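> Predicted model, plus sequence, below.
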Protein chains: 2
Amino acid sequence: MSTTEPAPRIAVIGGGQLARMMAQPAVALGVPLRLLAEAEGVSAAQVIPDRMVGDYRDLATLRTVTEGCSVVTFDHEHVPTEHLRALAADGVIAHPGPEALVHAQDKIVMREAMARFGAPQPRWAVVGSAADVEAFGLPCVLKVSRGGYDGKGVWVVRTLDDATEPLAAAEATGVRLLAEELVDFRRELSALVARSPSGQAAAYPVAATLQVDGVCREVVAPAPDLDPALATSAQELALRIAGELGVTGILAVELFEAVDADGRPVVYVNELAMRPHNTGHWTQDGAVTSQFENHLRAALDLPLGSPAPRARWSVMVNILGGDDPAVGRLYDGYPHALARDPHLRVHLYGKELRPGRKVGHVNVYGDDLDDLLEQARHAAAWFRGDLGNESE
Amino acid sequence: MSTTEPAPRIAVIGGGQLARMMAQPAVALGVPLRLLAEAEGVSAAQVIPDRMVGDYRDLATLRTVTEGCSVVTFDHEHVPTEHLRALAADGVIAHPGPEALVHAQDKIVMREAMARFGAPQPRWAVVGSAADVEAFGLPCVLKVSRGGYDGKGVWVVRTLDDATEPLAAAEATGVRLLAEELVDFRRELSALVARSPSGQAAAYPVAATLQVDGVCREVVAPAPDLDPALATSAQELALRIAGELGVTGILAVELFEAVDADGRPVVYVNELAMRPHNTGHWTQDGAVTSQFENHLRAALDLPLGSPAPRARWSVMVNILGGDDPAVGRLYDGYPHALARDPHLRVHLYGKELRPGRKVGHVNVYGDDLDDLLEQARHAAAWFRGDLGNESE
């Protein structure tokens, strides 16, 4: 039985769980993936047969892995944009492309772009010294312009002393620092859109996200009690950002929901991510087309699938390693979590439990939000080993 | 970043599309699969990294592929049961096990079992000669007891002359032949259940299936206008067969819906399949838990997921190669089919189009059955290249 490739091959840079979760719709779409993984056995390397191990900062490696691929996409945003320009010259097109991607790599470039086309955002400034920070005003948030993630590279600064560490860190690494107004937000929202090279776009319902120490814990879609006009404007904002920046693939716009000086609800752009995003994992089970499938469709410039929700409420809760890394293996949580809720949807990443590490998530959907939150939190707790140990 | 296996490894014998579609829930469940494929590059071998090529009829090969696996399951039903007993002695448990599986391998053994516990079935007899066929009565259906599939090894016999070919075929291959009453059925139904080793079972809604020349073309779930009492009795029948035969994993009971001598609606057992089944592909998008995920859960004796439907109607239409194998590549159908219906769910198998070959299917779900049938048929026609060629 001979077989051929029915579809163009997509190179995926980065072997984390986002690449892993692209593998599922790739199977259904008949789209072959070729993976560049950081190491043998990482999350996506466990499930994508056509893979190599190498350094995404090395152009020769990128050329090797993309050979025979028409497009390249990403598990993370760290591939140098000059390498993507070199690949484009070879005929391998990146989605998102370098001109868009830089806005997810560099927070100052992103802030400048938001300012340029009038997207609502916190007051901000580039700072290089304690005097700059003082002039900006306290309290504020300091962020490294490049390389931060999941709360790393972000400091809440209430006194000038608090600024010493971030200023030293920026100086040591040669990365620029920006100060942002500490927004008194009601909650964090995520406006997730997909956009294809030919300009088709699809907006998912705006989700509410609970972040703890900069790490996403829970997502509810659609965001409960969100003002409908604000929801629409958040979607329009994300679509506009995707269009203005020329994003191809998934764009997640993380937003602060707050009230302005006149007491009106407003959103401010917090961060951009140009890849499937933790705040969109609910779409795997809660939307007609998952963010992972629409990311692949966009990379191939195929018509996008519907982003419509399939249930009134969808809830995602991350499974994070607890403080005691010795507690159980993830698999131990299965019988309990699955037996308690036959509707539970489990997504594990093939990673060991370690303190604070994201090793999976659970999705649930239905009509009763309180029930769903309780179910998902309980299941996530089983997986992390917080429940049931007394009796064992 | 080191990683470990969080779950027991499952060996899967056979590299067809059923194994391919097991790979998707295996990613989500964090369950590693090891594949024995018939050849390099076959459907499942494209998407399962841990794979080898070999002959499933060879015990040494089976021992090699199952080494380090706690359980073994199947893409097809052809592994010799004596090999499964040998593997069990090594500590590798087959799901389904040999005592169950033989009923999906041998139609005479299956008919005898159905008779033993009073399952409704067509009148049948083992036949070895034209005289036996004449004594059974014409018209009838002749079937080889072993090795038939997708309409092969099945003959409708209206005259004794028609019996010459099947009798010769059986004689030549040493396979027994059975005769079955030609049931005047209204339509074909499928009762799909999952059963785990500890005896938990889940029944999917009974589906209606359209078969053409013995090949499944379309499935509608739940079966439209099915008498509710008959639907319940079909589910109970499938659960009873699974329990009586000790099936573990998915069992598909293909049924004829007919009326008995008193004009009452009845079902008769036509065939059994002990693996995910074409008539259950709708569950990938139309049920809370797909048949592929529940098959894996059952193999690991994990609690089963809910088989509840997620929409009022689900429709599956197979993509079969047309008469002109030169027409297009499958991928050519994408832009048209996806643009026309953003709700369409596509599942391709990584196979070349060939006349009559199953190369994929489409699923749709929603409230309006006529619309869904039209959408799914239209999309399948685009993929097979039947539409749009005039203008090219």
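Structure received. Numbering: from 1, shown residues only, chains lettered A, B, ... in the order given.

> Over to the residue in the stretch 101-250 of chain A that chain B sits nearest to. Which of the three states is it?
Per CB to the nearest CB, residue A:202 is where the stretch 101-250 of chain A lies closest to chain B, at 7.8 Å. Every residue, glycine included, has its C-beta placed from N, CA and C. Three-state assignment for residue A:202 (DSSP: H, G, I helix; E, B strand; the rest coil): strand.

> Can you name the next helix or strand after the longest helix along chain A?
If you go by DSSP state H, chain A has its longest helix at helix A:228-245. Next along the chain after helix A:228-245, taking DSSP states H and E as the criterion, comes strand A:249-259.

> Going by neighbour count, which residues of the helix or strand bottoming out on mean pLDDT in chain A are buried?
Least confident helix or strand, chain A: helix A:334-340 with a mean of 90, by mean pLDDT, DSSP states H and E. Buried residues in helix A:334-340, counted by 16 or more other CB atoms under 10 Å in any protein chain shown: A:334, A:336-338.

> go on, stretch A:235-255?
A:235, A:237-242, A:245, A:247-255.

> now stretch A:297-315
A:297-307, A:309-311, A:313-315.

> With stretch A:56-75 instead?
Residues of stretch A:56-75 classed as buried: A:56, A:59, A:61-62, A:65-66, A:69-75 (neighbour count, 16+ other CB under 10 Å).

> where's that stretch relative to the chain centroid, distance-wise?
21 Å (CA atoms, centre = their mean, to the nearest Å).

> Please save the CA atoms from it in PDB.
Extracted in PDB, the C-alpha atoms of stretch A:56-75 (Å, rounded to 0.1, in the frame of the first residue of the first chain):
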ATOM      1  CA  TYR A  56      16.000  27.200  16.700                       C
ATOM      2  CA  ARG A  57      18.500  30.000  17.000                       C
ATOM      3  CA  ASP A  58      20.700  28.400  14.300                       C
ATOM      4  CA  LEU A  59      19.800  29.200  10.700                       C
ATOM      5  CA  ALA A  60      21.400  26.100   9.300                       C
ATOM      6  CA  THR A  61      19.200  24.000  11.600                       C
ATOM      7  CA  LEU A  62      16.100  25.900  10.600                       C
ATOM      8  CA  ARG A  63      17.000  25.400   6.900                       C
ATOM      9  CA  THR A  64      17.400  21.700   7.500                       C
ATOM     10  CA  VAL A  65      14.100  21.200   9.300                       C
ATOM     11  CA  THR A  66      12.100  23.300   6.800                       C
ATOM     12  CA  GLU A  67      13.500  21.600   3.700                       C
ATOM     13  CA  GLY A  68      10.600  20.400   1.600                       C
ATOM     14  CA  CYS A  69       8.100  22.400   3.700                       C
ATOM     15  CA  SER A  70       6.100  25.200   2.200                       C
ATOM     16  CA  VAL A  71       5.400  26.900   5.500                       C
ATOM     17  CA  VAL A  72       6.800  27.100   9.000                       C
ATOM     18  CA  THR A  73       5.000  27.900  12.200                       C
ATOM     19  CA  PHE A  74       5.800  27.900  15.900                       C
ATOM     20  CA  ASP A  75       5.300  26.500  19.400                       C
END
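
> ok so, going back, who does the least confident helix or strand of chain A touch, helix- and strand-wise?
strand A:345-348, helix A:369-384 (3 or more CB pairs under 8 Å, 6 or more residues apart in numbering or on different chains; DSSP states H and E).

> Pull the residues that contact that helix.
A:344, A:346, A:362, A:375, A:378-379, A:382-383, A:387-388, B:7, B:297, B:302-303, B:305 (CB atoms under 8 Å, 6 or more residues apart in numbering or on different chains).

> For the helices and strands packed on helix A:334-340, give me a markdown table that also has distance to residue B:357 and mean neighbour count.
Putting the helices and strands packed on helix A:334-340 into a markdown table (distance: least, CB to CB, whole Å; neighbours: other CB atoms under 10 Å in any protein chain shown) gives the following:
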| stretch | distance to residue B:357 | mean neighbour count |
| --- | --- | --- |
| strand A:345-348 | 33 | 24 |
| helix A:369-384 | 41 | 20 |
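
> quick one: which of these is nearest chain B?
Relative to chain B, the nearest member of the helices and strands packed on helix A:334-340 by CB to the nearest CB is strand A:345-348, separated by 3.1 Å.

> ok, the helix or strand following the closest one: who's next to it in the sheet?
Toward the C-terminus, strand A:345-348 is succeeded by strand A:358-366 as the next helix or strand (DSSP H and E). Partner strands for strand A:358-366, per DSSP bridges, with pairing direction: strand A:313-320 (antiparallel), strand A:345-348 (antiparallel).

> can you put the ones you listed in a markdown table and add mean pLDDT?
Below are these laid out as a markdown table (pLDDT from 0 to 100):
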| stretch | mean pLDDT |
| --- | --- |
| strand A:313-320 | 96 |
| strand A:345-348 | 96 |
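
> elements contacting the helix or strand residue A:271 falls within?
Following DSSP H and E, one finds residue A:271 within strand A:265-273. The contact analysis (3+ CB pairs under 8 Å, 6+ apart) places strand A:265-273 against helix A:98-105, helix A:107-116, strand A:187-195, helix A:228-245, strand A:249-259.

> and that strand, which residues are buried?
Neighbour counts over strand A:265-273 (16+ other CB under 10 Å) mark A:266-273 as buried.

> what do you get for stretch A:279-288?
For stretch A:279-288, using 16+ other CB under 10 Å, the buried residues are A:279-288.

> Can you check the pLDDT for the residue nearest the centre of chain A?
Chain A has residue A:277 as the residue nearest its centroid, 2.5 Å off, counting by CA atoms, centre = their mean. Note for residue A:277: predicted pLDDT of 98.

> Cross-check the buried residues of stretch A:279-288 against chain B and keep the overlap.
Among those, the residues that sit close to chain B (CB under 8 Å from any CB of the partner chain) are A:284, A:288.
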